[in-house]
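Asker: Take this sequence and fold it.
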Amino acid sequence: MTRKLVAIMALDVVGYSRRMSEDEAGTLAQLSAVLAKVVEPAVAKHQGRIVKTMGDGVLAEFASAVEAVDAAVGIQRAMAEHTTAAATLQPLTLRIGINLGDVITQDDDLFGHGVNVAARLETMAEPGGICVSSGIEEQVRHRLEVELDDLGPHELKNIPFPVRVFRVRTAAGAKPETAAPETTTVTQRRRWPLALAGLVLALAVAAWLGWPTTEPAVPTPAALPPATPAAAPAAPAVAGNPSILVLPFDDLSEERNQGYFVDGITEDIITDLSHFSGLKVLARNTSFRFKDQAVDPQQVGRELEVTHLLEGSVRRAGDKLRINAQLIETANGSHVWAQRYDKQLVDLFAVQDEVTQHIVTALALQLTEQEQRVLEEATRGNIEAYDLLLQGLRVYNFQTAESNREAMTFYRRAIDTDPTYGRGYGALAIALSREAQRGWADDPTDAWDRALELANRAVSLSPDLPQVHWAKGYVHMQRGEQAEAARAVERAITVAPNYADGYGLLGLVENRLGHGDKALRLIRKGMALNPYYSWDYLYNLGFAHYLLGEYAEAADALERTLARNENATPARIILAAVYSAQGRRDDAEWEVDQLTMLQDNISIAEIATYGASLSFEDPAQVERFLGHLREAGVPE
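Answerer: Just a heads-up that it's a prediction; the model follows:
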């Protein structure tokens, strides 16, 4: 046995088992043609080696990460051409995962952790897509003409620590060219066991937005590729109020561990601007889609229909801080305002206030009395407590029991440093509630009670911050107190009318109250503020349509949810009910089959236990839901 560091590619065919059950000979012939005409030539061209084939799967190794990704992109592009010219059978579609890892070689085969990670990345890729690990991303960044969407760290099955995942795209705003997608009929989707803890819709709460963090949000339990906005108009559509996208500030610090701090500054500026009703502010998820990318202001203006961009950089050195900020008009790319600040670290909040004031003045915003008061009030805080909060938010985002406990340690240190720090109390409330919800707390009831105390304390200390109202709403929702949750989150978007996280959470709460009409309006507002929305938005959109009896619309939204994240268990539960309501018995039973592969003890009784906490104002809604699931074949 020997060890070596290689780029490992795992590839397989989407829906292979189903296709084999329908037409063994035809499927094998197609697969053989794809391997001979597409996969093998691409691997050889890029100096790779096919280690082995396993039914519909291929494992290959490359000495270069750049060659591995270039080969994968070539394979997906070639598949479009190959399948277009193929016979009358439905074309094959591939998924690819690539990891940089230290592996063991024996008898020309590869073994070890690095191979396992590549295989897990392959399962996260979209049909026709490519997912890579952070080790690969670091090697190919700026070396290939591809873009990489940062999907954040993820817990992968049988992998002991979170893996940061990137989705490869072949051009700005476009996914890799692929074969025609599989039809959306559920009976034509891939069947495989889904690795995922938990069962019922409560998991959607953990997946839905979470406490706003300084890293791209990590959905639970699986990947959620950002949505691609609709095709851009030929020219900016900027009628009405001004709008702005705050690009992630560049980190120019000599120390390489300041990214969390710089991202925190970006996010706080987004939140500060969200207070002003006369300005449309796009959400942080959309903002961080452009992290570490060169941006053409006019192109972004057209694609996202924003009138202005804010960009800048931060250099932190000890207790000194240099911040550059520029406001750009997207119509012509001109600078409206620019400023450089050389300050002490303790002056950070004053700089953030000044940036906000300059933007309000430059855009000639008309402010309400409350907005004017918010603008004029100086932000006060303890910079050490702020730094501790940001460090806690960074580790919280890994979404494990250990990272949750570590985050709470940071939050408690922030509160000890500044006992009046409202955001510290709010963040700790969220983490405690998460601990109870995930089964990590010794006494969940006590944890939830303590979380509510902390959330109330946060609101009393910082009533003008939308984050603390969001925290209180989240805790109430986790406690099953949906009406109280709605009131808290409504306060968050009253304080900050552009607070996209508030619309997202309130939409989920209204769904749990059974108010599909309200949920639809809120979710669509959230989508408008967050054009690169995640699968959670589509799930809640489908949930709302189901509540309203709009089954065709519900099926469309939920099918699109699963196309992005087939491990989205809550979407499968609702979709099974939707198909039953439509009389699509085979499709409904297929969804239940997937759920039973995931969770052995799925039952009406267990779902009803959760359903009783939904707080539907009309009890008939719960009975209708459970009735549809019975028809789908969910056992009692």
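Asker: where does the protein have low pLDDT?
Answerer: Low-confidence segments of the chain (pLDDT under 70): 1, 82-89, 157-158, 160, 170-240, 256, 567, 598-601, 609-615.
Asker: which element is V103 on?
Answerer: Element membership for V103 (DSSP states H and E) is strand 94-106.
Asker: so how far is V51 from the spatially most distant residue from the centre of the chain?
Answerer: In terms of distance from the mean C-alpha position of the chain, D107 ranks first, at 40.5 Å (CA atoms, centre = their mean). Going from D107 to V51 by CB to CB, to the nearest Å gives 11 Å. Every residue, glycine included, has its C-beta placed from N, CA and C.
Asker: Let me know the secondary structure of Y411.
Answerer: Applying DSSP: H, G, I helix; E, B strand; the rest coil to Y411 yields a three-state assignment of helix.
Asker: Excluding chain neighbours, what is closest to it?
Answerer: L428 (4.1 Å; CB to CB, 6 or more residues apart in numbering).
Asker: by contact count, what packs against whatever helix or strand the one you found lives in?
Answerer: Under the criterion of DSSP H and E, L428 resides in helix 422-437. If you count contacts as 3 or more CB pairs under 8 Å, 6 or more residues apart in numbering; DSSP states H and E, helix 422-437 packs onto helix 202-207, helix 383-396, helix 401-417, helix 444-461, helix 466-478.
Asker: which of the ones you listed sits most buried?
Answerer: Stretch with highest mean neighbour count among those: helix 466-478 (a mean of 28; mean count of other CB atoms under 10 Å).
Asker: Between helix 422-437 and it, find me the angle.
Answerer: 20 degrees (axes from the mean of the first three to the mean of the last three CA atoms, to 10 degrees).
Asker: Now do the next helix-or-strand element following helix 466-478: which elements does it pack against?
Answerer: Remark: after helix 466-478, the chain's next helix or strand is helix 482-495, criterion DSSP H and E. In this structure, helix 482-495 makes packing contacts with helix 466-478, helix 500-513, judged by 3+ CB pairs under 8 Å, 6+ apart.
Asker: and G424, which of the ones you listed is closest to it?
Answerer: Proximity to G424 (CB to CB) singles out helix 466-478 among the helices and strands packed on helix 482-495, at 10.0 Å.
Asker: Any buried residues in the helix or strand containing I50, and which?
Answerer: Assigned by DSSP H and E, I50 falls within strand 48-54. Along strand 48-54, these residues count as buried under the neighbour rule (16 or more other CB atoms under 10 Å): 48, 50-51, 53.
Asker: And these, which is closest to N404?
Answerer: Using CB to CB, the buried residues of strand 48-54 come closest to N404 at V51, 37.9 Å.
Asker: coming back round to it: separation between the residue farthest from the centre of the chain and E61?
Answerer: To E61, D107 is 14 Å away according to CB to CB.
Asker: Same question for L506.
Answerer: Per CB to CB, L506 is found 49 Å from E61.
Asker: Between these two, which has more neighbouring residues?
Answerer: With neighbours defined as other CB atoms under 10 Å, L506 and E61 compare such that L506 has more, 28 against 21.
Asker: Help me confirm that the more buried one comes into contact with R487.
Answerer: No - if you go by CB atoms under 8 Å, L506 and R487 don't touch, sitting 10.0 Å apart.
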